[in-house]
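K.L.:
Structure for this input, please:
(one chain, ligands or ions: 1)
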Amino acid sequence: MYTLSKFQGLISIAFVALISWMAYVPLKTPTPKTANEAPTSFSAHRALEQLKVIAAEPHSSGTPAHKKVRNYIFDYCKKQGLDTRVINQTGLRQFRATAIAGNTLNIIATLKGSNSSKAVLVMSHYDSQPNSPGAADDGSGVAAMLETISLLTKGPKLKNDIIFLFTDLEEVGLLGAEAFANSYEELTNVGMILNYEARGNSGASFTFETSTENGFIVRTFSAAAEKPLANSLAYEIYKLMPNDTDFTMFKNTGISGLNSGFIDGFSYYHSMADTPENINLGSLQHQGDLMLSMTKYFGNLDLTETKSEDVIFFSLFNGNMIIYPLSWDIPLIVLTILLFIMVVVIGLKKEQLKLIHLLAGFGLFIASIAVSIGLIWVIQQLILMLNPHYTNFYSNNFYNAGYYLWSVIGLSLFSFVIIFQPFVKKISVLSMSLGSMALLIVLVVVLKYFIHSGTFILYVPLLPAILIMLVLITKTQLPQRYHQLGNLLLLIVPLILWVPFVYFLFVVFSLSLPYASAIFICFLFPFLLPSLPAVTQLHRYLPVSIAGLMVIVSLIVGQSSSSYTKAEPLQSQLCYGLNLDTNEAMWISPQEHQDEWTKQYIKTSTTAKIDDFYPNSTHQYWRDKAPLTNVATTRIEMKQDTVINNVRRMTIKLIPGAGTTVLNLWLSEGAYFKQIDKRKIEGDSQISVLRYYAPESSGVELTIITDLEAIPTLELIESKWGINEKLLTSPLPDNIVFGTGGFSNSMLIKRTFVLSY
Ligand SMILES: [Zn+2]
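P.N.:
Residues are numbered from 1 along each chain as shown. Have a look, this model is predicted:
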């Protein structure tokens, strides 16, 4: 045993804090540039002026505000001298028996290059969610595109054509992008796609997705972008999640591309509070910096060949990326395993390690992870019990969510200390540390199967750590200070790589799944273990006090910032359902818990199904009786009704009632949609459910087939955005706004049509 100086414990704590902070700093956003910035670089303040127009009000497809935004973008691009068009196409996507479709109005503006190899397609969507001005999502992308256009037209001509594509109907299911990718005849001339999104209103812009065979584009991205933030694990995690962006619709085209977005400030996502005033200008600056630098770089690059072997990549500090071929992955994993075995064998031979101690380390590591997850679960339940209104937000992410990350960190460290500290005097920490690393080694092998290019996240920190362990075990005669130095060096790579993931995963999953973030803190335990005795030496209760204090302070600060205000409003969901078949009306709220405002409309104490109103609905909702009202409803016209080979084929036209932005349609058994506007349903798909978005006032034509015996019915629920003011007897207080989704601030009107001869 070595005698430990008190100094060493303090150094260890300071070292961990310093390296963690250094790992976090690159995730900060750049300083926004002023409007007076020279027209060679992107200015967030200039883009903000565009954003104020684009995100002045909610502008979901089919609304008058949407038309205003479209005209603004169109006029701006035209004025800048770009070849600008609005393309009107039907977007269509099929999912088993359901189809979604819509009348899309994409804006395409081309800046001609001097000698184009292939075009660069820069893309963002200009529609917003119905209950959100969409400043970040995706006004930030649109505003950045307009600022980029203005800078490019002032600068030297680029070689390649730059196509600026402002897509429509993204929010309802990527329909604008689908229509464009499906039928834009010049797509074969596109060599690179750059898509820009936002899932919150702050944080740095991550390039979270690439096309396949990404070697060339990742290397060029790393060279082109001012501050590239990307890694192959984030990409693998994104692939596992149900999220999609417009970029998804271009995957099948085989065109190379990159997808970037900022994701912090998740409470503002799809919210009425996603306004130009609330957007983080640093995020807008970073998004714009990326867009401008990448457009310029790819704009001058020969894009005829953009595919090369897949790579593993990750950002380290500001503007540096480590990139190596995916084919190195398995050799590096094998090397890690072999080195690990070698260290264990040498350690056992030299009697520096004991098998029983290694096993103890392995077992204690599993126990500490389990305790950590258990404690976090308890605290998560407690927080949500005290604050049921958090569940009104995506992932239970209220505005103060960041404070709770400190509870997750504190609870994980608390578990680490209470599990391992009792043993550090009895069992060698090196044995326990290596024993726990064995679990990480097993994980590398298992994860290689699931997250193909993401296992670097484990073996890259393990490799240097195992080598340091080798030195510590074989050079026992080295002075104590070298051993202490070794203990600290072990921590550098894990902290640098994992601290961003602790933050990143908490931002993504927040209080709905805080364990995701905790796992990366737990992974640190084997590396923290060798430094634990030094800290314990300062005072035996010091480690547990630090962890406990983190939790307590985080919970107090979290609770004291838990109320909703005008600046940080509660999101609340309420809609009005009118059943014209039965002449009944009801209030519906899909929230998990009612809030003070919805309670004024819905007085029941339990939730219930709404399948008597909304076909095939399985969820439980809050519902109560509502007064009847008069609304303009959709008309139906039979255009054609023929029988060929015992199949009845009819074409109907739905002429939407004023203000109707969605037509939800259900056909009775045996009847199927065959054509929607000009788009034919592919193959023999039996589509009986259709959601049609943003119908033109002139109407939507649908072709339906059915066998002769049946007289089919068509159930229609049309949706109008905004609840009639006469019905809203208790208007929203100023600290509550309408939340997101189809069952919020909408009027749903149901009517069943019999399609008789
Ligand atoms: Zn979006």
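K.L.:
what residue is smack in the middle of this structure?
P.N.:
The residue lying closest to the centre of the chain (C-alpha atoms, centre = their mean) is residue 199, at 5.3 Å.
K.L.:
Tell me the pLDDT of it.
P.N.:
We have a pLDDT of 93 for residue 199.
K.L.:
same check, this time on residue 12
P.N.:
In this model, residue 12 is scored at 94, pLDDT.
K.L.:
can I assume it is in contact with residue 530?
P.N.:
No - between residue 12 and residue 530 there is no contact under C-beta atoms under 8 Å: 9.3 Å. Where you see a C-beta, it was placed from the backbone N, CA and C, and this is true even at glycine.
K.L.:
Now the one residue in the stretch 451-600 of the chain that gets nearest to the ion: closest residue in space, sequence neighbours ignored.
P.N.:
Residue of the stretch 451-600 of the chain nearest the ion, by C-beta to the ion: residue 508 (15.4 Å). Excluding the flanking residues, the one nearest residue 508 by C-beta to C-beta, 6 or more residues apart in numbering is residue 263, at 6.6 Å.
K.L.:
After whatever helix or strand the one you found lives in, which helix or strand is next?
P.N.:
Assigned by DSSP states H and E, residue 263 belongs to strand 257-264. Downstream of strand 257-264, the first helix or strand assigned by DSSP H and E is helix 281-299.
K.L.:
Quickly check: that next one near the ion or not.
P.N.:
No - using C-beta under 5 Å from the ion, helix 281-299 stays clear of the ion, coming no nearer than 12.5 Å.
K.L.:
what pLDDT, on average, does the helix or strand that that helix is followed by get?
P.N.:
Elements were assigned by DSSP H and E; along the chain past helix 281-299, the next helix or strand is strand 311-316. For strand 311-316, mean pLDDT is 92.
K.L.:
what does strand 311-316 rub up against?
P.N.:
26, 214-215, 218-219, 222, 228-233, 321-326, 328-329, 453, 456-457, 460, 496-497 (C-beta atoms under 8 Å, 6 or more residues apart in numbering).
K.L.:
got it, and stretch 30-45?
P.N.:
With contacts defined as C-beta under 8 Å, 6+ apart, stretch 30-45 is touched by 46, 49, 144, 147-148, 150-151, 154-155, 226-227, 281-282, 284-286, 288-289, 291-292.
K.L.:
For the residue nearest to the centre of the chain, grab phi and psi.
P.N.:
Main-chain dihedrals, residue 199, degrees, to the nearest 10: phi -120, psi 10.
K.L.:
now the residue lying closest to it once chain neighbours are set aside: how far from the ion?
P.N.:
Ranked by C-beta to C-beta, 6+ apart and with sequence neighbours excluded, the top spatial neighbour of residue 199 is residue 263, at 4.3 Å. Look at residue 263 and the ion: by C-beta to the ion, to the nearest Å, they are 11 Å apart.
K.L.:
for residue 7, same thing?
P.N.:
Using C-beta to the ion, residue 7 is found at 52 Å from the ion.
K.L.:
Relative to residue 13, how far out is that residue?
P.N.:
Here the criterion is C-beta to C-beta, to the nearest Å. By it, residue 7 lies 11 Å from residue 13.
K.L.:
And residue 736, by the same measure?
P.N.:
Distance from residue 736 to residue 13, by C-beta to C-beta: 44 Å.
K.L.:
Looking at the two, which is more packed in?
P.N.:
Higher neighbour count among residue 736 and residue 13: residue 736, with 21 against 16, using other C-beta atoms under 10 Å.
K.L.:
and this structure, which residues reach the ion?
P.N.:
With C-beta under 5 Å from the ion as the criterion, the chain comes near the ion at residues 137, 138.
K.L.:
Where does the prediction get shaky in the chain?
P.N.:
1-5, 318, 757 (pLDDT under 70).
K.L.:
Now do the helix ranked longest in it: distance to the chain's middle.
P.N.:
Longest helix in the chain by number of residues, with DSSP state H as the criterion: helix 355-386. Relative to its parent chain, helix 355-386 has a centroid offset of 27 Å by C-alpha atoms, centre = their mean, to the nearest Å.
K.L.:
in that helix, what's buried?
P.N.:
357-358, 360-362, 364-365, 368-369, 371-373, 375-376, 379-380, 383-384 (16 or more other C-beta atoms under 10 Å).
K.L.:
Nearest to the ion within the stretch 601-750 of the chain, name that residue for me.
P.N.:
For the stretch 601-750 of the chain, C-beta to the ion, closest residue to the ion: residue 740, 11.8 Å.
K.L.:
To what extent is that residue buried, counted in neighbours?
P.N.:
Residue 740, neighbours per other C-beta under 10 Å, totals 22.
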